[in-house]
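> I would like the atomic coordinates for the input below:
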Amino acid sequence: MLFNYLCEEFKTKYKIDVRSNARASLRLRIQCEKTKKVLSSNPECPFAVECLMNDVDVKTHLTRDLFEQLAEPLFARCLAPAQAALAESGLTADDISGVEIVGGASRLPALCKALEGFFGKTLRRTLNAAESVARGCALQGAMLSPTFHVTRRFEVEDRSCYPIAFMWRASEDGDSDERTSALVFQKGNPILSTKVLTFFRTGVFSLTAEVEDKGLLSHPADALFASYEVGPLPAPKAGGKTKFKVKATLNLHGVLTVESAQAIEEEAAEGEAGGDAGDAAMEDAAGAAAPKAEADGVAPMETAAPKKVIKTDVPVTARTSSIPPAVLTKLTEREFEMALADRVMEETKERKNALEAYVLAMRSRLADALAPYAGEALKASFGEALSKAEDWLYDEGEDESKGVYIAKMEELKAVGDPIEERVKEASAREPAAAALRASAEAVHSQSKQPHYAHIAADQLDSVRKEAAAALEWLAEKEAQQAALAKSDPPAFLAKECEKKASALERFVRPIFATPKPVVVTPEPMAEDGPAAPKAEDLD
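Below you'll find the model as predicted:
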């Protein structure tokens, strides 16, 4: 509404046709949206757009009074849903104890004034206008969920938004196309609800469900819910027509389903005559106490003697829906494609954010902690590459594919990773070298302890040579490293020291684990001859 008004004003005032230029139209609509929100809380608002079209700057001055005057037909339309709600509920404005207003349009003073005049009450704003639906859905979901427990129970009753009728052919012969219908679920019917329809037929029976009042739909062609085929039906023993019942349900989600069908055969008591019933009757699944709706004549209720009832399940097949199968298949495929596109979009966004974070973080570190390990030339070239990557991200690379962001990240990491590796090695190399040196010296010292004197001399010599070789390698590498700058590739890595220490340990462990030889002392042997005299025998 504001857009149309301003288009006419600028056409007269500045001689430009905004509607003829798509970009100018979009910019004007965006500014109109902002102005509408400003006028909701302020009595007046300046309006200006630079270079709207043909290098023309436009400006004007809008007031809330002008805005409400232009929007008066729209505000009048907003009362229709409130009037319809009262009419359908059977209440009057005096029966309403309070009116809560929510939603984005609740910020429009003119709309609030119109609603207050209609209900004759001051509107309440105890709920967050933008979160009320989400909060209500969360509360209803918690009440329905078996997992969550709602301490305070709320009585919330869902009702059907549309009247649903079932239709079928009035005659079983193929000569007549006359159809019979019965309103099964009225508008405002409680959910969850089940209805049982009773029919008398001889062959396969077709049943169609659709919205009775097509005027309630935005697209009347979508009135058809589904069509069902019931049968084949078992032939009754006494001939005539088969009595069967169809159970239709509006489930917890408000979705219509035809759950089942059963053929009913009643064996009458002796002396009781059975009559031919009408075409259909309907009742609530709760029982006989529910009111019945008749169509084409319903068998009258009679007080009868007890009967034996035999129930047989009858197959029910959903033949069609409001969406043809081919279209439904295409829509399902399109849904999967959209889900895949969403996942790709999320992954692309993650790669883009990762690239941006790397560029910003690396540029900051390059000027601080990484500077000694990069060198002046590399620091300058890499800094320039990071700046170009940032400019590209905010210009040409604003909307690129995931692969492009990955390639850009790998290109930068090919330069940045070696710098970070040198920083990491600088802190890890010295402790690793100290550990290798301590291990080699410990091995050399152990080889001279008396505890290992039982080990062969050549083996102990090999242990000392291995430890000396490790120390010699370490001294050589440390000398080479001392001659290098921090920005040069390291002469040796911390993991090489760890590997040397591990190899030395594997070499010496079996040698030091050599067991000592067991010395067997022979027992003294007794000589033949007279036993030696005892001390007491010498007296």
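> Just the CA trace of stretch 339-354, in PDB.
What follows is stretch 339-354, C-alpha atoms only, in PDB (Å, rounded to 0.1, in the frame of the first residue of the first chain):
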ATOM      1  CA  ALA A 339      17.000 -31.500   1.800                       C
ATOM      2  CA  LEU A 340      20.200 -32.300   0.000                       C
ATOM      3  CA  ALA A 341      20.500 -28.700  -1.200                       C
ATOM      4  CA  ASP A 342      20.000 -27.600   2.400                       C
ATOM      5  CA  ARG A 343      22.700 -29.900   3.600                       C
ATOM      6  CA  VAL A 344      25.100 -28.700   0.900                       C
ATOM      7  CA  MET A 345      24.200 -25.100   1.700                       C
ATOM      8  CA  GLU A 346      25.000 -25.600   5.400                       C
ATOM      9  CA  GLU A 347      28.300 -27.300   4.600                       C
ATOM     10  CA  THR A 348      29.100 -24.500   2.200                       C
ATOM     11  CA  LYS A 349      28.400 -21.900   4.900                       C
ATOM     12  CA  GLU A 350      30.600 -23.800   7.300                       C
ATOM     13  CA  ARG A 351      33.500 -23.900   4.800                       C
ATOM     14  CA  LYS A 352      33.100 -20.200   4.100                       C
ATOM     15  CA  ASN A 353      33.000 -19.300   7.800                       C
ATOM     16  CA  ALA A 354      36.000 -21.500   8.400                       C
END
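> Which pLDDT value belongs to Arg152?
The model reports Arg152 with a pLDDT of 80.
> start at 375 instead
All set: I'll call the first residue 375, so the last point we hit is now Arg526.
> where does it fall, phi/psi-wise?
phi -110, psi 120 (degrees, to the nearest 10).
> can you check Met427 too?
Backbone geometry at Met427, expressed as degrees, to the nearest 10, gives phi -160, psi 140.
> now Ala751
Backbone torsions of Ala751, given as degrees, to the nearest 10, read phi -70, psi -50.
> residues near it, how many?
Using other CB atoms under 10 Å, the number of residues around Ala751 comes to 9. (Each C-beta comes from the backbone N, C-alpha and C, glycine too.)
> how near is it to Val473?
Separation of Ala751 from Val473 (CB to CB, to the nearest Å): 73 Å.
> can you pull the alpha-carbon coordinates of stretch 842-860 into PDB?
C-alpha atoms of stretch 842-860 as PDB (Å, rounded to 0.1, in the frame of the first residue of the first chain):
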ATOM      1  CA  ALA A 842      76.800 -43.100  22.300                       C
ATOM      2  CA  ALA A 843      75.500 -43.100  18.700                       C
ATOM      3  CA  ALA A 844      72.200 -41.600  19.900                       C
ATOM      4  CA  LEU A 845      74.100 -38.900  21.800                       C
ATOM      5  CA  GLU A 846      76.300 -38.200  18.800                       C
ATOM      6  CA  TRP A 847      73.300 -37.900  16.500                       C
ATOM      7  CA  LEU A 848      71.600 -35.500  18.900                       C
ATOM      8  CA  ALA A 849      74.700 -33.300  19.300                       C
ATOM      9  CA  GLU A 850      75.100 -33.100  15.500                       C
ATOM     10  CA  LYS A 851      71.400 -32.100  15.000                       C
ATOM     11  CA  GLU A 852      71.500 -29.600  17.800                       C
ATOM     12  CA  ALA A 853      74.500 -28.000  16.300                       C
ATOM     13  CA  GLN A 854      72.800 -27.800  12.900                       C
ATOM     14  CA  GLN A 855      69.700 -26.300  14.500                       C
ATOM     15  CA  ALA A 856      71.700 -23.700  16.300                       C
ATOM     16  CA  ALA A 857      73.000 -22.400  13.000                       C
ATOM     17  CA  LEU A 858      69.500 -22.000  11.500                       C
ATOM     18  CA  ALA A 859      67.100 -19.100  11.900                       C
ATOM     19  CA  LYS A 860      63.600 -19.600  13.400                       C
END
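> same for the host helix or strand of Glu707, what does it pack against?
Here Glu707 is covered by helix 699-740, with elements defined by DSSP states H and E. In terms of contacts (3 or more CB pairs under 8 Å, 6 or more residues apart in numbering; DSSP states H and E), helix 699-740 is packed against helix 750-767, helix 776-820.
> tell me which element Glu657 falls in.
Assigned by DSSP H and E, Glu657 belongs to strand 654-658.
> Quick check: mean pLDDT of the longest strand anywhere in the chain?
In the chain, assigned by DSSP state E, the strand with the most residues is strand 630-641. For strand 630-641, mean pLDDT rounds to 81.
> in that strand, what's buried?
Under the neighbour-count criterion of 16 or more other CB atoms under 10 Å, strand 630-641 has Leu630, Thr631, Val632, Ser634, Ala635, Ala637, Glu639 buried.
> among the helices and strands packed on helix 699-740, which is nearest Cys381?
helix 750-767 (36.7 Å; CB to CB).
> For the closest one, which helices and strands make contact with it?
Helices and strands touching helix 750-767, by 3+ CB pairs under 8 Å, 6+ apart, are helix 699-740, helix 776-820.
> chain center to that helix: distance?
Here helix 750-767 is found 38 Å from its chain centre; the criterion is CA atoms, centre = their mean, to the nearest Å.
> Next, the residues that contact that helix from outside, please.
With CB atoms under 8 Å, 6 or more residues apart in numbering as the test, helix 750-767 has contacts from 726, 729-730, 733-734, 736-737, 740-741, 745, 748, 782, 786, 789-790, 793, 861.
> go again using 6 Å as the cut-off
By CB atoms under 6 Å, 6 or more residues apart in numbering, the residues outside helix 750-767 that reach it are Glu730, Val733, Arg737, Leu740, Val789.
> buried set for that helix?
Going by neighbour count (16+ other CB under 10 Å), the buried part of helix 750-767 is Leu752, Lys753, Phe756, Ala759, Leu760, Ala763, Glu764, Trp766, Leu767.
> Nearest to Ala812, out of the residues you listed: which one, please.
Of all the buried residues of helix 750-767, Ala812 sits closest to Leu752, with 35.4 Å by CB to CB.
> could you give the mean pLDDT of the helix holding Glu707?
90.
> helices and strands around the helix or strand just after it, which ones?
Next helix or strand after helix 699-740 toward the C-terminus (DSSP H and E): helix 745-748. Judged by 3 or more CB pairs under 6 Å, 6 or more residues apart in numbering; DSSP states H and E, helix 745-748 is in contact with helix 776-820.
> Now do the helix it packs on: which elements does it pack against?
By 3+ CB pairs under 6 Å, 6+ apart, helix 776-820 packs against helix 699-740, helix 745-748, helix 831-856, helix 868-886.
> From the contact counts, what lies against the longest strand of the chain?
Contacting strand 630-641 under the criterion 3+ CB pairs under 6 Å, 6+ apart are the following elements: strand 598-604, strand 616-624, strand 682-688.
> by how many degrees do the longest one and strand 598-604 diverge?
In other words, strand 616-624. Orientation check (axes from the mean of the first three to the mean of the last three CA atoms, to 10 degrees): strand 616-624 against strand 598-604 gives 150 degrees.
> helices or strands next to strand 616-624 in the packing?
Secondary-structure packing of strand 616-624 (3+ CB pairs under 6 Å, 6+ apart): strand 567-575, strand 630-641.
> Please state the mean pLDDT value computed over that strand.
Rounded to a whole number, the mean pLDDT of strand 616-624 is 87.
> In three-state terms, label Ala865 for me.
Following DSSP: H, G, I helix; E, B strand; the rest coil, Ala865 is assigned to coil.
> burial count for it?
Count around Ala865 with other CB under 10 Å applied: 16.
> tell me the contacts of it?
For Ala865, the contacting residues are Lys851, Gln854, Gln855, by CB under 6 Å, 6+ apart.
> so can I have JSON lines of those showing pLDDT?
Formatted as JSON lines, the contacts of Ala865 follow (pLDDT from 0 to 100):
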{"residue": "Lys851", "pLDDT": "90"}
{"residue": "Gln854", "pLDDT": "91"}
{"residue": "Gln855", "pLDDT": "89"}
